[in-house]
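Undergrad: whatever this is, show me its structure:
(2 chains)
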There are 2 protein chains.
Amino acid sequence: MNAKQEFEVVGSRPVRPDGLDKVTGRARYGADLNMQDQIYGHILRSPHAHARIKQIDCSQALAMSGVLAVMTGDDLPEPGSRVLGSGEGAIALRDLTPMVMSQGKVLFHSQPVAAVAATTPELAAEAAAAIVVTYDVLPAVTDFHAALAEGAPVLHEDRFPDRQPKEPTNLAALITAQVGEPDSAFEQADVIVERTYSVPMCHQGYIEPHACVARVDGAGRVDLWCCTQGHFTVRAYTAAVTGLDEGNIRVTPSEIGGGFGGKTTVYLEPIAVVLSGKAGRPVKLVMDRGDVFRATGPAPGAETRVKLGATRDGRLVAADVDCLMDSGAYNGNPAGIPAFLATACYKLSDARSVGRSVYTNKPKIHAYRAPSMPQVTLAFELVVNELAAELGMDPIEFRLINAVAEGDTNMMGARYRRIGLRECLEAARDSDHYKSALVAGAGRGVAMGYWINAGLQSSATLNVSADGHVAVLTGSPDIGGSRASMGLMAGEVLGIPLEHIHPQVVATDAIGHCDVTGGSRTTLATGQAVIEAANELVAELCRRAAAEWQVDAEAVVWSGGAAHHEQQTLTFEALAKRAGSMGGPLTVSSSLTATSAAPAFAVHICDAEVDGETGRTTITRYTAIQDAGKAIHPDYVEGQMQGGAAQGIGWALNEAYVYSDEGVLENPGFLDYRIPVASDLPNIATQIIEVANPLHPFGVRGVGEVPIVPPMPAVAQAVFDSMGVRVSHLPLNPPALVAARNEQDS
Amino acid sequence: MNAKQEFEVVGSRPVRPDGLDKVTGRARYGADLNMQDQIYGHILRSPHAHARIKQIDCSQALAMSGVLAVMTGDDLPEPGSRVLGSGEGAIALRDLTPMVMSQGKVLFHSQPVAAVAATTPELAAEAAAAIVVTYDVLPAVTDFHAALAEGAPVLHEDRFPDRQPKEPTNLAALITAQVGEPDSAFEQADVIVERTYSVPMCHQGYIEPHACVARVDGAGRVDLWCCTQGHFTVRAYTAAVTGLDEGNIRVTPSEIGGGFGGKTTVYLEPIAVVLSGKAGRPVKLVMDRGDVFRATGPAPGAETRVKLGATRDGRLVAADVDCLMDSGAYNGNPAGIPAFLATACYKLSDARSVGRSVYTNKPKIHAYRAPSMPQVTLAFELVVNELAAELGMDPIEFRLINAVAEGDTNMMGARYRRIGLRECLEAARDSDHYKSALVAGAGRGVAMGYWINAGLQSSATLNVSADGHVAVLTGSPDIGGSRASMGLMAGEVLGIPLEHIHPQVVATDAIGHCDVTGGSRTTLATGQAVIEAANELVAELCRRAAAEWQVDAEAVVWSGGAAHHEQQTLTFEALAKRAGSMGGPLTVSSSLTATSAAPAFAVHICDAEVDGETGRTTITRYTAIQDAGKAIHPDYVEGQMQGGAAQGIGWALNEAYVYSDEGVLENPGFLDYRIPVASDLPNIATQIIEVANPLHPFGVRGVGEVPIVPPMPAVAQAVFDSMGVRVSHLPLNPPALVAARNEQDS
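TA: Next up, the predicted model:
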């Protein structure tokens, strides 16, 4: 496939279709829908981080007037051994079901234990408090080193890691990838640097808490409204957890106030469904902020050791990576990415990478924007910078020598097609930012990052109305402006005014399967489905025009929103109006499994200044450069780049889960869990590079994930550079930096 | 095309998918949806049947606290000359717009004059009452003879009937059809009978009043929920009346509590949209029963003169028909059907038929089940019976001699393909009912009827979920059990359990265009779209299985819900589960314009006994025989046959609009407008004949319309037979029959 090169509307910046409703407060988010006759659910959560449940007595709650249903884990089927989904997103039902509602044991503080539905939210809370749960409290372990130590409390007594089959341990997974002979390759290195860096568990920090409302009808069919990144996933997971058929569940996605990977699973939905089925009324469930922090899936904390060797002329010859990741109470599969993709930016024929994940008494981790990649890249890029420094080389020049290019393979065995890493590095090198001198006291960091960009399954349907308007339906929730990009792509093919194109995200029953909006796959894969459907529509319109003119369809040309043959023209509008008499309604569906990844790379430059006294870091200048393949709507590409950088900066400088010894989260709110606010950040300059993805008709790569990968090492390097000291544990918050400076001074 | 002959599930009688919700009260009808923050509309209606509007003063209403919007006809664009739709369903915007909201003149009592939206229904009503309208009252005319008389008040001073261009008159349309030379053909007749029968305006009598709720969002997009037989029509009409783009309007149909043709237009919807756009809040509008009777579209009253001539051996040689129909205040196109289809059951090479429609100061008429056909058939079949009697022939034998068959043409010039009229007549002749002797005092009537059965545009989409369930989407509101029939047809093709098939009626944006559920076209045309989509899905599944097995797709056979090749089998379930890795999500859309009619015929036999003293008629036995082509779900075919018969019996015996001299409807409620209740009717025996429609893959013809065509003449004949007296004006209610008997006695 050769990607299209010349565009009419793609690359322009029209107002987004969902914009006006969002800024005027009319857009409906998860908690904004109330179904008629709805009642309210409340979840009773565990006060212990690790305990056996001896008994749950719901009799008092059930006896309260206005309480219509109560449920516990006994109302969910035994999960069995089934695995849902695939790859990074896969989850075993034995992990999903108890995460939704504990069955026999609680493994983290605030894990759901029971739930109530009542006529008011207050009554539901009161009734939940009247449920008497008898626990056998067990010792909790929240640190992953402690969890691996001998004698640690074991969370899953029936689970045995692959390689140690004799005793149950908290090792959830151990994944090793290797190419060549890294041990002997290190012998060829002139310089070797080995460092360990760690980063704490942190939350995606989406502003909108989880919310849903479910109605089960008389025939057992479910109508479910929720905020999610993937309503098809909600359907599949809710069906699996509750034991219902997927075909009996319709999920309609609300608008979404952020997800970043954290809204690709279910927490409330199966509970609402079970309660509604029991109560015979719609049931609404809304989390508060504390529930979101305490009991949804944060990003794993991680400790990564990276050892790199290079020759004096700046050639990387060997890598050895070991990444230990916190999985929380259930298996969140964080270990594969570090094992297979730690080295993905670099030509390395000899490398070993090990990923391990560990159970701890904390909520099960979940995807957060380029999942696991920032944690391992933090260490890798800092070691690369140190290696370049030891070699006396400019860090960008060092990377240019070692950057992967077309034809290279990564540790997954995937061979890169045309990629834009070199172009990003050159743009960084040539940027005004990089060429500008630092102010005194400031430091500068450079780092780069990679993301695979998932393809997966997508579907699109185009329905044409008689007035020549087109509904562009997909099943991909719009997080980052995808309605705008779908409209632009359809408009590019059809050649009709963008105001006549109505991109919509529709319920699970109204469109073919679509995987989650995540993995930076939506504009890529769903966009491809839209382009294919639009091409099919154009082909059909040309066939109809050809039949009218009694010529071969091949002789008809589509351009400017009309079919042409010699002097004859039939506009889209005319063909739409006459559809009934020219072959019937115009409706086209397209679906695909985008099998190929669309690798994206980013290079970030950060200038930072640390206040020597207070330890406060000020980001003084920041530039994000990224290969988008093709930026369909550049505003939203830039927005993704800026958003990813902002989140990475927050993670580098401030964000962290703080647990008590008893496994209770001590900062479950935005006052104590500090994400960057506008005044914390400089303008984040962006530069979009466009090296077309040869596997996509418009050259698109995903853009949402990769901008969170470089910030942690870029910021850390700038901080180290400013302070002249290296700190191995993030976040680099004022107390940590003051302590480091004091240690240095002493 | 050869229709399929052997069926696995088609013809069985499973529980309908929408049944449980309907019997448990959970199904949501037009008035059952409340949108968040909705307010309530109230329509101010004209107290005059004919008046010029001099002024509308809304200032007092607008000043009331809680009143958020007021509208009048000035808020709608000038209608211009555009015509919406086609054929029988066509309506000029100049007729539609003022019917929704008068512009300058009112032409019938209760015509909307203004509307208000306020925070409560009571306040809206109060505010509407505070609007001051100054009228110039004009004389009203409600009788169509009077309307055609010289000096009658003229409703539309700017309209001139085709053939009388000099003066405006109330003649709305005059349509003449002729074959051969009827005048000279009558000379060959041995017996001629000529009679005139008339029937009053009556209402469809659907139980659910019209209701809708509309929300206009910040960008001017409309979300509209309403009870309708065709939400695509609602979209198109609402767009045309309000001046919005169709593409900006989404219409979701509610469940529907009856329509019978009366819910194929808009009354409330454009008003709700305009009010919501002005108020910035969703607006709900619900009619009360009186509004439904007074201001929605009833069936036209008609007077039909039929003259038939036959030879002594029972051969019809000539026909002359003249049908005068009441159009109400605007043009409802009732005259075409009588002109072209009055003679449709009979071989007649020499015939003339004239249809005229007349404006009167009554609500514009609208479709009612086989529109215009019962009125003209009443006279035609009674004359046929009288002719047979004069010839001393059995009325069924007479009809068997003259019944149309394959190869004959009707007055539209359409040549019949294989039809089942002869089979219906033979079944009637051979029925236990017809062979049983009458009890003393009772009479018997036989009549037959024809309906064309529309094709028009339909679309269907099949979406397969990973657990092997299939959502079958159409845009055809389910009135008579079409979800059940769509499920059966999809199940027949796919071979999977019916419980895995989920037929759904989805909103205008989620499916290709579908014309109204009406004209008996849904199981026929939308069913064909479902069958075609299912066939496409099977073809795709066979291609996937073939790819897996590395054989030609043609070598793969689909049966029993699985693909087979030699010893290899891949079930639907397995193919659904593995869709992602075998080519992507399974989604198929199909659309078509069903160009061909599927003529259906029915023969009814009625026994009735008239109480000589009170004039009360008891229907003692009733049999309905009908060619369904193929009965997909026989329960609902029988239900349609019984329902049509019941409505026809009601029209024959009791139903009638009664107007005062001032043009005010005097019986606008079910107490005074009496439709048959269960105790008024005997069991209506049914016999389904299946002569496959050769133009449909499963042989389907429409079934909903034709059963209302024979009842009026069958009942009237039985009554005349019982009384020994003939009455020329229906309904045959007790006062009419007592008067007729008295006249006979005198």
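
Undergrad: averaged pLDDT, the strand ranked longest in chain A. What do you get?
TA: Longest strand of chain A, by residue count under DSSP state E: strand A:316-328. Averaged over strand A:316-328, pLDDT sits at 98.

Undergrad: mind listing what's buried along that strand?
TA: Within strand A:316-328, the residues that count as buried by 16 or more other C-beta atoms under 10 Å in any protein chain shown are A:316-328. C-betas here are computed from N, CA, C, even on glycine.

Undergrad: closest to chain B out of these?
TA: Proximity of these to chain B (C-beta to the nearest C-beta) peaks at A:S327, which lies at 25.8 Å.

Undergrad: grab the nearest non-local neighbour of the residue of the stretch 451-600 of chain A at minimum distance from chain B.
TA: Nearest residue of the stretch 451-600 of chain A to chain B (C-beta to the nearest C-beta) works out as A:H469 at 2.2 Å. Excluding its sequence neighbours, the residue lying closest to A:H469 (C-beta to C-beta, 6 or more residues apart in numbering or on different chains) is B:G247, at 2.2 Å.

Undergrad: any low-confidence regions in the stretch 451-600 of chain A?
TA: Within the stretch 451-600 of chain A, the ranges that satisfy pLDDT under 70 run A:595-596.

Undergrad: what about the strands in the stretch 251-400 of chain A?
TA: With DSSP state E, counting those that start in this stretch, the ranges of strands along the stretch 251-400 of chain A come out as A:283-286, A:302-310, A:316-328, A:351-359.

Undergrad: give the pairing partners of the second one; include direction for each.
TA: Read it as strand A:302-310. strand A:191-199 (antiparallel), strand A:316-328 (antiparallel) (DSSP bridges).

Undergrad: how many neighbours does the residue of the stretch 51-200 of chain A with the smallest separation from chain B have?
TA: Closest approach between the stretch 51-200 of chain A and chain B, counting by C-beta to the nearest C-beta: A:S86, at 8.0 Å. Other residues near A:S86 come to 11 when the count uses other C-beta atoms under 10 Å in any protein chain shown.

Undergrad: what's stretch A:181-193 in contact with?
TA: If you take C-beta atoms under 8 Å, 6 or more residues apart in numbering or on different chains as the criterion, stretch A:181-193 is touched by A:307-312, A:317-320, A:349-352, A:383, A:386-387, A:390-391.

Undergrad: now with 7 Å, please.
TA: Residues from elsewhere that reach stretch A:181-193 (C-beta atoms under 7 Å, 6 or more residues apart in numbering or on different chains): A:307-312, A:317-320, A:350-352, A:383, A:386-387, A:390-391.

Undergrad: so, low pLDDT: which residues of chain A?
TA: Within chain A, the stretches with pLDDT under 70 are A:1-2, A:87-88, A:160-166, A:595-596.

Undergrad: who in the stretch 351-500 of chain A is up against chain B?
TA: Applying C-beta under 7 Å from any C-beta of the partner chain, we find that the stretch 351-500 of chain A lies next to chain B at A:457, A:459, A:461, A:463, A:465-467, A:469, A:471, A:473, A:500.

Undergrad: just these: which are in helices?
TA: Of those, none are assigned to helices by DSSP state H.

Undergrad: just among these, which is most surrounded?
TA: Among those, the one with the most neighbours (other C-beta under 10 Å) is A:T461, at 31 neighbours.

Undergrad: is that residue in a bridge, and if so with what?
TA: A:L473, A:S589.

Undergrad: contacting residues for it?
TA: A:T461 is in contact with A:473, A:511, A:533, A:587-589, B:461, B:589, counting by C-beta under 7 Å, 6+ apart.

Undergrad: turn those into CSV, including distance to B:G259.
TA: Output for the contacts of A:T461, formatted as CSV (distance: C-beta to C-beta, whole Å):
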residue, distance to B:G259
A:L473, 27
A:I511, 28
A:A533, 33
A:T587, 25
A:V588, 30
A:S589, 29
B:T461, 24
B:S589, 26
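
Undergrad: just the buried residues from those, in PyMOL please.
TA: Selection of the buried residues among these in PyMOL, burial being defined by 16+ other C-beta under 10 Å:
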select buried, (chain A and resi 473+511+533+587+588+589) or (chain B and resi 461+589)
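
Undergrad: longest helix in chain A, by residue count?
TA: Max-length helix for chain A by DSSP H is helix A:527-549.

Undergrad: packing partners of it?
TA: If you count contacts as 3 or more C-beta pairs under 7 Å, 6 or more residues apart in numbering or on different chains; DSSP states H and E, helix A:527-549 packs onto strand A:456-464, helix A:482-494, strand A:557-559, strand A:562-565, strand A:568-571, helix A:572-577, strand A:587-594.

Undergrad: for whichever residue of the stretch 201-350 of chain A sits closest to chain B, phi and psi?
TA: Taking C-beta to the nearest C-beta, chain B has its nearest neighbour within the stretch 201-350 of chain A at A:G247, 2.2 Å off. When read as degrees, to the nearest 10, the backbone of A:G247 gives phi -60, psi -20.

Undergrad: what's the neighbour count on it?
TA: By the criterion of other C-beta under 10 Å, A:G247 has 25 neighbours.

Undergrad: ok, A:E78 next?
TA: Neighbours of A:E78 (other C-beta under 10 Å): 9.

Undergrad: report the spatially nearest residue to the residue nearest in space to the middle of chain A, omitting neighbours in sequence.
TA: Geometric centre of chain A, nearest residue: A:G261, 2.9 Å, by C-alpha atoms, centre = their mean. Among residues not flanking A:G261 along the chain, A:A367 sits closest, at 3.1 Å (C-beta to C-beta, 6+ apart).

Undergrad: any idea how far that neighbour is from A:I39?
TA: Applying C-beta to C-beta, to the nearest Å, the value for A:A367 to A:I39 is 32 Å.

Undergrad: need the strands for the stretch 51-200 of chain A, in chain order.
TA: Taking DSSP E, counting those that start in this stretch, the strands of the stretch 51-200 of chain A run over residues A:51-57, A:67-72, A:83-84, A:91-92, A:105-106, A:112-118, A:132-137, A:171-179, A:191-199.

Undergrad: could the ones you listed go into JSON lines alongside mean neighbour count?
TA: Shown next, in JSON lines, are the strands of the stretch 51-200 of chain A (neighbours: other C-beta atoms under 10 Å in any protein chain shown):
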{"stretch": "strand A:51-57", "mean neighbour count": "15"}
{"stretch": "strand A:67-72", "mean neighbour count": "23"}
{"stretch": "strand A:83-84", "mean neighbour count": "16"}
{"stretch": "strand A:91-92", "mean neighbour count": "20"}
{"stretch": "strand A:105-106", "mean neighbour count": "24"}
{"stretch": "strand A:112-118", "mean neighbour count": "27"}
{"stretch": "strand A:132-137", "mean neighbour count": "14"}
{"stretch": "strand A:171-179", "mean neighbour count": "19"}
{"stretch": "strand A:191-199", "mean neighbour count": "19"}
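
Undergrad: for A:L308, name its beta-bridge partners.
TA: Note on A:L308: beta-bridge partners by DSSP bridges are A:V193, A:A319.

Undergrad: how close does it sit to A:A319?
TA: Using C-beta to C-beta, one obtains 5 Å as the distance from A:L308 to A:A319.

Undergrad: A:G455: neighbouring residues, count only.
TA: Neighbours of A:G455 under the rule other C-beta under 10 Å: 22.

Undergrad: residues near the residue lying closest to it once chain neighbours are set aside, how many?
TA: The spatial neighbour of A:G455 that comes closest, neighbours along the chain excluded (C-beta to C-beta, 6+ apart), is A:A594 at 2.8 Å. Using other C-beta under 10 Å, the number of residues around A:A594 comes to 23.

Undergrad: great, nothing more from me.
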